[in-house]
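Dropping a prediction and its sequence here:
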Amino acid sequence: MKGFHHVPVLLEEVTNALNPQKSGKYIDGTVGEGGHSEAILTKGSPDCLVLGIDADPEAIESAWTRLAKFGNRVVLQQSNFVSMADLATEAGFVPCDGVIMDLGLSSLQLEREDRGFSFQREGPLDMRFDPGQERTGAHVINNYRGKELRRIFEEFGEVRSARRIAEGIVGKRPFQSSLDLAKFLSELIGRHGKIHPATKIFQAIRIEVNRELSNLETALNQVIKLLGPQKRLAVISYHSLEDRLVKRAFVRAAAHCVCPPKMPVCVCGHVPEMRMITKKPITPSLLEVKNNPRSRSARLRVAEHI
């Protein structure tokens, strides 16, 4: 759509999975520029509702512009999806008829130099989804001890040479801009293949800054309680850490037993809450990847509340 930067990923697949109904209430936990919400509201016309949530105030502003034509069928809240249960309760969206969570960065975030998400653009080392929070990428890089940097590079970036990189950063800092850090990493690590050497380090810093994985785990546990019977949750992830968390949450919710593996007899009394709709994640078509290269790593998993 003209005037909007972000192309919603796996749009048809998400819409088909949720199958919006005209009287339904749907939650977009990462509304971004409103692409998925727009599709849900269109298919669920004339009176389905959407609660859109995003930590980024610029995303909320952009989503308002895109979704204004739907009037009071849209409720937007600037907040992290970790507060989804409270927001849904306050807005009257419990039980809801479907939830979509697209965990990717928006083009709006990547293309704004002052946000610091991209290692290909000059800008401050910010990386905050919510500019109101205190911790920034600059704080992490310039103030964390070497041991702490090594931990986040290993855990959140799955970087093999995490110790060497952490020691190199500590010896060279302070870093003031994303481009300065990216150039240093290129020199320190060297380029091997198509992946830029700064990719995983920037991912790790961003995850640490925004507490992405812990917030995702909390949100997934909440969503199950918000869905009505036979209603679905669709989650799009973009790297193995996210996808692993989503899969683990779905498998646990669908399990008949969650006792430790060595337990000889089941004593947990766990009752399955979800049914797996996608045994394997849905990936973008070759045509979608060609038209939108940023979609290439997307993985969609869908589960249904029982």
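Right, received. Where do you want to start? Numbers count the residues shown, from 1 in each chain.

residue ranges with poor pLDDT in the chain?
1-6, 106-114, 116, 193 (pLDDT under 70).

Look up how far Y26 lies from the residue nearest in space to the middle of it.
Centroid check for the chain by CA atoms, centre = their mean gives L103 as the closest residue, at 1.7 Å. Remark: distance between L103 and Y26 (CB to CB, to the nearest Å) = 17 Å. For the C-beta atoms, the positions are set from N, CA and C on the backbone; glycine is no exception.

How about I224?
I224 is 16 Å from Y26, by CB to CB.

So which of the two has more stuff around it?
Each of I224 and Y26 has its neighbours counted (other CB atoms under 10 Å); Y26 has more, 25 against 17.

Might one say that that one is in contact with C48?
Yes - here Y26 reaches C48: they are 6.6 Å apart, a contact under CB atoms under 8 Å.

Common neighbours of the two, please.
Counting by CB atoms under 8 Å, 6 or more residues apart in numbering, the common neighbours of Y26 and C48 are P20, I40, D97.

show me where the stretch 201-306 of the chain has strands.
227-237, 274-276, 299-305 (DSSP state E, counting those that start in this stretch).

nearest to E13, of these?
strand 299-305 (5.8 Å; CB to CB).

Now do that closest one against strand 227-237, angle only.
The directions of strand 299-305 and strand 227-237 differ by 170 degrees, with axes from the mean of the first three to the mean of the last three CA atoms, to 10 degrees as the criterion.

Tell me who's in contact with the nearest residue to V209 once chain neighbours are set aside.
The shortest distance from V209 to any non-neighbouring residue, by CB to CB, 6 or more residues apart in numbering, is to M127 (4.8 Å). Neighbouring residues of M127 by CB under 8 Å, 6+ apart: R115, G116, F117, T136, G137, F202, I205, R206, V209, N210.

Dump these to a markdown table, plus neighbour count.
Converted to a markdown table, these look like this (neighbours: other CB atoms under 10 Å):
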| residue | neighbour count |
| --- | --- |
| R115 | 23 |
| G116 | 27 |
| F117 | 24 |
| T136 | 19 |
| G137 | 24 |
| F202 | 22 |
| I205 | 29 |
| R206 | 22 |
| V209 | 23 |
| N210 | 19 |
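
mind listing which of those are in helices?
Judged by DSSP state H, the contacts of M127 include G137, F202, I205, R206, V209, N210 as members of helices.

For the nearest residue to F175 once chain neighbours are set aside, the count of nearby residues, please.
In this structure, F175 finds its nearest non-sequential neighbour in L181, 4.6 Å apart by CB to CB, 6+ apart. If you count neighbours by other CB under 10 Å, L181 ends up with 24.

what helix or strand does L181 sit in?
According to DSSP states H and E, L181 maps onto helix 178-189.

May I see the buried residues of that helix?
Within helix 178-189, the residues scored as buried using 16 or more other CB atoms under 10 Å are S178, L179, L181, A182, F184, L185, L188, I189.

Repeat that for stretch 49-62.
For stretch 49-62, the neighbour count (16+ other CB under 10 Å) marks L49, V50, L51, G52, I53, D54, A55, D56, E58, A59, I60, S62 as buried.

any chance of the contacts of M127 in JSON lines, plus distance to R232?
Shown next, in JSON lines, are the contacts of M127 (distance: CB to CB, whole Å):
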{"residue": "R115", "distance to R232": "32"}
{"residue": "G116", "distance to R232": "35"}
{"residue": "F117", "distance to R232": "30"}
{"residue": "T136", "distance to R232": "36"}
{"residue": "G137", "distance to R232": "35"}
{"residue": "F202", "distance to R232": "32"}
{"residue": "I205", "distance to R232": "33"}
{"residue": "R206", "distance to R232": "28"}
{"residue": "V209", "distance to R232": "31"}
{"residue": "N210", "distance to R232": "26"}
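
Turn the strands of the stretch 201-306 of the chain into JSON lines, columns for mean neighbour count and distance to E154.
Formatted as JSON lines, those follow (neighbours: other CB atoms under 10 Å; distance: least, CB to CB, whole Å):
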{"stretch": "strand 227-237", "mean neighbour count": "21", "distance to E154": "20"}
{"stretch": "strand 274-276", "mean neighbour count": "17", "distance to E154": "30"}
{"stretch": "strand 299-305", "mean neighbour count": "22", "distance to E154": "22"}
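
Those strands: which one's closest to Q77?
Minimum separation from Q77 across the strands of the stretch 201-306 of the chain (CB to CB) falls at strand 227-237, 18.5 Å.
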